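Engineer: my questions concern the predicted model and sequence given below.
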Amino acid sequence: MKLKIIKITKKHIKEAHQIYNYYIKNSYSNFEEKIISHKTFYDNYKKIYLNKLPYLVALDKNKVVGIAYLNKFREKSGYRYTFENTVYVHKEYLNKGIGSKLLKELINISKRNKNIKKIIAVIGGIDSTGSIKIHKKNGFQKVAIFKKIGFKNGKWIDAIFMQKNI
């Protein structure tokens with residue numbers, strides 16, 4: 001595998017959307033319960049782009065095998081320097097270090113943006129070992145666990161918050 005991490009372009013949106021929806025349907029890492037439309041996914045991409053936040057894709061031979069981006073942590077002005085990260089890897093490319101490489105590059109790009117001071121990872125508490133591992137590896141510290149705060153597929157889910165100061 002020859003992995004390349006680049007800024008997302010419109011031609012990557014369809015594959016990125018498929019990866020995102022896979023995690024909605026098949027995991028507890030995304031607290032959405034219903035898959036999102038292409039328009040909703042694209043609108044989120046545009047919002048991230050217009051806010052000048054990083055949005056990356058990992059490519060293997062031009063196939064999107066992972067996505068990573070930052071979005072506002074909360075809408076209130078007092079959170080203006082804090083952002084939430086998202087990292088998802090295509091199901092056929094798990095356990096190959098792609099998520100960690102995406103996160104590392106996301107952090108490197110974030111360091112060049114004077115408005116990004118804190119990054120928060122909100123990790124679903126079911127089957128979260130891999131996500132916790134890559135965040136620890138990239139300098140995140142566990143700062144909180146909100147017990148049974150999410151509900152999906154008939155199960156209550158903890159939300160694990162990890163934080164990195166930039």
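Structural biologist: Sure thing, it's come through.
Engineer: and the residue nearest the centre of the chain, what is it in contact with?
Structural biologist: For the chain, the residue lying nearest the average C-alpha position, counting by CA atoms, centre = their mean, turns out to be Thr86 (0.9 Å). Residues in contact with Thr86 (CB atoms under 8 Å, 6 or more residues apart in numbering) are Ile67, Ala68, Tyr69, Leu70, Asn71. Glycine gets a C-beta too; all of them are placed from N, C-alpha and C.
Engineer: identify the residues contacting the nearest residue to the second one once chain neighbours are set aside.
Structural biologist: So that's Ala68. Nearest residue to Ala68, sequence neighbours excluded (CB to CB, 6 or more residues apart in numbering): Leu102, at 3.8 Å. Each residue near Leu102 by CB under 8 Å, 6+ apart is listed here: Ile5, Leu56, Ala58, Gly66, Ile67, Ala68, Val87, Val89.
Engineer: same check on Phe151?
Structural biologist: Contacts for Phe151 were tallied using CB under 8 Å, 6+ apart; they are Ile157.
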